[in-house]
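>>> heads up, no residue letters with this:
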């Protein structure tokens, strides 16, 4: 490992001299590096200078001074006025939120009441429909209709003559059974 160009003491001494010239403004590590001729490793100079600045125990102390009584009273009054104004704004904002919430709840209750009315009307409708259906089933079960089997009228078979290859003509007259099955109230077809 190569011997460093500047020792710890030389780096700190260069920084301290720059610190006195700066008049209380903080000295940056690159300024110390430049004061040393910008030779060597900047990282080493930076680490040494930052450690030295952090380890300084002699920080300038700030003297506490008491404010004049009239300034202190004016600041106290101003803080109280600002606090009262903030409380009043908060109260007004919270009151507005409560009013909005109550209004929204009333609208929701009104909507729910309308929905309940619609559902109750549907319930009454379907209940009446079910009762009517049960009554019609009771009437139907009380008088069973005789089950008669209606037969469709038979048409005579059409046969073909083997000798001539022609179909014989079928009688167009309805049979007795066909005339009994027809309803007299219905109009007759031509």
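That came in fine, so what should we check first? Worth saying up front: this structure is predicted, and the values here are computed from it rather than measured.
>>> Work out for me the element residue 72 sits within.
According to DSSP states H and E, residue 72 maps onto helix 69-142.
>>> mind checking which helix or strand of this structure has the lowest mean pLDDT?
Lowest by mean pLDDT, DSSP states H and E among the helices and strands of the chain is helix 176-181, with a mean of 51.
>>> before we move on, the earlier item: what mean pLDDT does the helix holding residue 72 have?
Helix 69-142 shows an average pLDDT of 92 in the prediction.
>>> Quick one: distance of that helix to the chain centre.
Chain-centre distance of helix 69-142: 21 Å, with C-alpha atoms, centre = their mean, to the nearest Å.
>>> what packs against that helix?
Helices and strands touching helix 69-142, by 3 or more C-beta pairs under 8 Å, 6 or more residues apart in numbering; DSSP states H and E: there are none. (Each C-beta comes from the backbone N, C-alpha and C, glycine too.)
>>> tell me the phi and psi of residue 65?
Per-residue torsions, residue 65: phi -120, psi 140 (degrees, to the nearest 10).
>>> ok, it to residue 71 distance?
As for residue 65, its distance to residue 71 is 11 Å (criterion: C-beta to C-beta, to the nearest Å).
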